[in-house]
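>>> Sequence plus predicted model, see below.
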Protein chains: 2
Amino acid sequence: MKPLSIKDIAKKANVSITTVSFILNGKAEKMRISQEMIAKVEKIIKELGFKPNQVARSLRTGNTKTIGLIVEDISNPFFASIARLIEDKAYKHGYKIIYSSTENNLDKARGLIKMFKSRQVDGYIIAPMVGMEEDIRELLTDRTPVVVFDRNLPGLEVSSVLIDNVEGAFLATQFLIQKGKKNIAFVNVDVEVKQIKDRFTGYEKALKASKIKADPNICKLIPFSNTAEETTNDLIDFFTANPQIDAVLFGTNYLAVRGLFCFKEMNKKIDKDFKVIAYDDHDIFQLHSPSISAVEQPTEEIADQVISLILKGLTISESFEEQQLNKVVLSSRLIER
Amino acid sequence: MKPLSIKDIAKKANVSITTVSFILNGKAEKMRISQEMIAKVEKIIKELGFKPNQVARSLRTGNTKTIGLIVEDISNPFFASIARLIEDKAYKHGYKIIYSSTENNLDKARGLIKMFKSRQVDGYIIAPMVGMEEDIRELLTDRTPVVVFDRNLPGLEVSSVLIDNVEGAFLATQFLIQKGKKNIAFVNVDVEVKQIKDRFTGYEKALKASKIKADPNICKLIPFSNTAEETTNDLIDFFTANPQIDAVLFGTNYLAVRGLFCFKEMNKKIDKDFKVIAYDDHDIFQLHSPSISAVEQPTEEIADQVISLILKGLTISESFEEQQLNKVVLSSRLIER
DNA sequence: TGCTTTTTATTAAACGGTTACATTAATGAT
DNA sequence: ATCATTAATGTAACCGTTTAATAAAAAGCA
């Protein structure tokens, strides 16, 4: 049985499809459709439970009321919770989200943008990876609203919602220094993103501020492509080789979790003589014995800002005005445990 | 600058749009378009980077190559990881996912189905909630492929991928009994879903098998609407009031995490005298000291089965055949820690 | 009354593809 | 030479909306 169309409604109400369309879109008043007519048609629409075909509508109007969300991995708790908040807020404004994970694969990422384009998504929310610059720039010249978050790409002028990673890492490192630590290791993931480098900068800055000289030997980069087990093993090797380390700052929550596994396996106690702090919080850190301090990223605020920027961009693009550049930088919060 | 259309390609190649369309859709051979023509047109398409407008295509063909995913909460690790796997596999078959969280709100859930319908999604993957029966039945009579997973609804004949919850809870309880426990509490979430009841059934069954009589006083239901803090407090009250409890089975990983917070706050040791086991695993359980046993759900296999069922349904519906009913039940695995 | 203005509703052209059907040119059969 | 067949491409209808343009009827006004 074919789904209802505006034609069926029109026939049933004995009016033209235009009238129905006007009523559906709240343009009835403006088009001076009589109240009785409106009431009559609306009754029929409700009775039959008619919902206009969004695909046809999109074809005609050019907008799909859909936002494309591209992240590294939707199952990562950070992205998952952002995705949830974004979806919720977008929904309230009549937008739906199509998501995709790049898995840090540039070809897939670029393919996704192409695919989203062919599906005419109205706007893009992207946690970008190196190599996407040109594709994003292309979107911008088409006046498509784009908001990047979590990371940005050097030389790319696009609206963004970022965390002050220098500050966060600075606070975390300072915290360890205040606890009297001298040999503070820094463990980070090895990807070419400013965000990641900033964390290192913050770490260095805090050391310098306290006149501690940074030791490159206790700064460890873990390949992104590592499996969980490989990472744990790399960390075991690292900490075994550097017993002088008396504190560690982990650059991501994922790495810190691996670190905890590593310490468990090594039977290495976390206590006043060996401190651990993580960038990006996680339930585990609160529950762990002893509990682990962390730099918390304001997930909800990130989602809020992202969605409000994209919605702003969307209304701007509807009115054919020029897109504006908005750069939001949020602070992270040190949770001392 | 307006995006390219098939007309632009046709003009450039000096052919009709039909020819271009045939070539785009791989029907060139069947339509006996000459090789030189094909080569010429394909060259132009590649040069200009033309991608056909999927919206127009959808309007004409009636399928959007889109699957709607409805879960309770996309940020829940279980659903997030399923979402990731499903997206990945769907992508490989040319399908995209639109997702939404019901937040256990029936009105929202039903609204989502309506919205997905109006967007003409080709198929539905749903972790359903009570009250959606009629909406799902409607989809089925329209011959739309639907696969439910994680839970099913009584009286609803739809393809499903489920876990044997009776078995899982049985194994978990049996494990505690074998450790010599006599007063085994059961903590679960208070929602009207068979899945949840099954876990209780498994618990009861194991007790009965060992001739332990179940004590309703140490079976606790936590309201779904609780905040995390409320849950922790409820649990503290519960365990304080029932000091005789020597082991607990938590019905969901989320509740078990709350339980761990509760025990931490109560200063209650988890050891050979007080055992804890969780339904559905979580990184935290492995890392916790002591580590927590759990019943692990086979996420990847669930995703595999779900996607393969939905793809099967999708090809069936393309060929206008009758949809078949497939019921897959997977086992969960006891992880003893 | 005859003309303009306002009110109310309709007609028809898009939007960008797909595809049944029509057309033309070339080849083959008789 | 004539007609049927096949190869290769084009024409136009259609998918379900939105919306500019227009028409018809009612009202206002001299």
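Arrived safely.
>>> Hmm, A:Arg110 and A:Met132 touching each other?
Yes: between A:Met132 and A:Arg110 there is a contact under C-beta atoms under 8 Å: 6.6 Å. Every residue, glycine included, has its C-beta placed from N, CA and C.
>>> higher neighbour count, the two?
Between A:Met132 and A:Arg110, A:Met132 has the larger neighbour count (other C-beta atoms under 10 Å in any protein chain shown), namely 21 against 16.
>>> which phi and psi does the residue nearest to the more buried one when sequence neighbours are not counted have?
Spatially, and ignoring its direct neighbours in sequence, A:Met132 is nearest to A:Ala109 (5.6 Å; C-beta to C-beta, 6 or more residues apart in numbering or on different chains). Dihedral pair for A:Ala109: phi -60, psi -50, per degrees, to the nearest 10.
>>> Same check on A:Phe274?
Dihedral pair for A:Phe274: phi -140, psi 100, per degrees, to the nearest 10.
>>> That one: what's it in contact with?
If you count contacts by C-beta atoms under 8 Å, 6 or more residues apart in numbering or on different chains, A:Phe274 has them with A:245-247, A:268.
>>> List, one by one, the residues from the stretch 1-150 of chain A near chain B.
Contacts of the stretch 1-150 of chain A with chain B, taken as C-beta under 8 Å from any C-beta of the partner chain, map to A:1, A:3, A:51-56, A:58-59, A:64, A:66, A:73-75, A:77, A:80-81, A:83-85, A:87-88, A:91, A:96-101, A:103, A:114-115, A:117-120, A:142.
>>> now, which of the residues you listed lie within strands?
Using DSSP state E, the members of the residues of the stretch 1-150 of chain A next to chain B that fall within strands are A:66, A:96-101.
>>> could those residues go into CSV alongside pLDDT?
What follows is these, written out as CSV (pLDDT from 0 to 100):
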residue, pLDDT
A:Thr66, 96
A:Lys96, 95
A:Ile97, 94
A:Ile98, 94
A:Tyr99, 92
A:Ser100, 93
A:Ser101, 94
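>>> could these go into TSV alongside distance to A:Tyr203 and neighbour count?
Shown next, in TSV, are those (distance: C-beta to C-beta, whole Å; neighbours: other C-beta atoms under 10 Å in any protein chain shown):
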residue	distance to A:Tyr203	neighbour count
A:Thr66	40	23
A:Lys96	40	22
A:Ile97	35	23
A:Ile98	37	21
A:Tyr99	32	25
A:Ser100	33	24
A:Ser101	29	25
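>>> Around A:Lys51, count how many other residues there are.
Neighbourhood size, A:Lys51 [other C-beta under 10 Å]: 15.
>>> Tell me the one of the contacts of A:Phe274 nearest A:Arg333?
A:Ala247 (19.7 Å; C-beta to C-beta).
>>> In the stretch 151-300 of chain A, which residue sits nearest DNA strand D?
Going by C-beta to the nearest atom of the strand, DNA strand D is nearest to A:Ser159 of the stretch 151-300 of chain A, at 26.4 Å.
>>> Return the backbone torsion pair for that residue.
phi -60, psi 140.
>>> and the gap between it and A:Thr61?
The spacing between A:Ser159 and A:Thr61, counted by C-beta to C-beta, to the nearest Å, is 24 Å.
>>> which of the residues of the stretch 1-150 of chain A next to chain B are buried?
Among the residues of the stretch 1-150 of chain A next to chain B, the ones that count as buried by 16 or more other C-beta atoms under 10 Å in any protein chain shown are A:52-56, A:58-59, A:64, A:66, A:73-75, A:77, A:80-81, A:83-85, A:87-88, A:91, A:96-101, A:115, A:117-120.
>>> more crowded one of A:Ser159 and A:Thr61?
Neighbour count, other C-beta under 10 Å: between A:Ser159 and A:Thr61, A:Ser159 has more, with 23 against 11.
>>> OK, contacts around the closest residue to the more buried one other than its chain neighbours?
Nearest in space to A:Ser159, with sequence neighbours left out and distances taken as C-beta to C-beta, 6+ apart, is A:Asn326 at 4.4 Å. Neighbouring residues of A:Asn326 by C-beta under 8 Å, 6+ apart: A:159-160, A:309, A:312.
>>> same deal with A:Gln323?
So A:Gln323 contacts A:140, A:143, A:145, A:159, A:313, A:316-317 (C-beta under 8 Å, 6+ apart).
>>> cool, and A:Ala28?
Shown in contact with A:Ala28 (C-beta under 8 Å, 6+ apart): A:22, A:37-38.
>>> Okay, strands next: where are they in the stretch 151-300 of chain A?
Per DSSP state E, counting those that start in this stretch, the stretch 151-300 of chain A carries strands over the ranges A:159-163, A:184-190, A:219-223, A:247-250, A:275-279, A:293-296.
>>> so which of the ones you listed gets nearest B:Ile302?
Per C-beta to C-beta, nearest to B:Ile302 of these: strand A:184-190, 28.8 Å.
>>> residues making contact with the closest one?
With C-beta under 8 Å, 6+ apart as the test, strand A:184-190 has contacts from A:173, A:176-177, A:196, A:199-200, A:203, A:207, A:212, A:218-224, A:235, A:238-239, A:242, A:245-252, A:254-255, A:259.
>>> switch the cut-off to 7 Å
Strand A:184-190 has contacts (C-beta atoms under 7 Å, 6 or more residues apart in numbering or on different chains) with A:173, A:176, A:196, A:199-200, A:203, A:218-224, A:235, A:242, A:245, A:247-252, A:255, A:259.
>>> Just give me how far stretch A:194-209 sits from the chain centre.
Mean C-alpha position of stretch A:194-209 versus that of the full chain (C-alpha atoms, centre = their mean, to the nearest Å) differs by 22 Å.
>>> typo on my end, it should be stretch A:12-21
Chain-centre distance of stretch A:12-21: 44 Å, with C-alpha atoms, centre = their mean.
>>> For chain B, what is the nearest residue in the stretch 101-250 of chain A?
Chain B sits closest to A:Ser118 of the stretch 101-250 of chain A, with a gap of 4.1 Å, by C-beta to the nearest C-beta.
>>> do you know how far that residue is from DNA strand D?
Applying C-beta to the nearest atom of the strand, to the nearest Å, the value for A:Ser118 to DNA strand D is 16 Å.
>>> my read: that residue touches B:Ala56, true?
No: in this structure A:Ser118 lies outside contact range of B:Ala56 using C-beta atoms under 7 Å: 10.1 Å.
>>> In chain A, where is pLDDT below threshold?
A:1 (pLDDT under 70).
>>> So which bits of it are right by DNA strand C?
Proximity of chain A to DNA strand C (C-beta under 7 Å from any atom of the strand) is limited to residues A:14-19, A:22, A:31-34, A:37, A:56, A:59-60, A:62.
>>> do that again at 10 Å, thanks
Residues of chain A lying close to DNA strand C (C-beta under 10 Å from any atom of the strand) are A:6, A:10, A:13-23, A:28-38, A:40-41, A:55-62, A:118, A:120.
>>> Write the PyMOL selection for whichever of these are buried.
Of those, the buried ones can be selected in PyMOL as follows, counting by 16+ other C-beta under 10 Å:
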select buried, chain A and resi 6+10+13+15+17+19+20+21+22+23+28+33+40+41+55+56+57+58+59+118+120
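>>> Next step: the residues of chain A next to DNA strand C restricted to helices.
Of the residues of chain A next to DNA strand C, the ones assigned to helices by DSSP state H are A:6, A:10, A:13, A:17-23, A:35-38, A:40-41, A:55-61, A:118.
>>> What are the neighbouring residues in contact with the residue lying closest to A:Gln286 once chain neighbours are set aside?
Using C-beta to C-beta, 6+ apart and skipping residues adjacent in sequence, the residue nearest A:Gln286 is A:Arg337, 7.0 Å away. With contact set as C-beta under 7 Å, 6+ apart, A:Arg337 has these partners: A:285-286, A:291-293.
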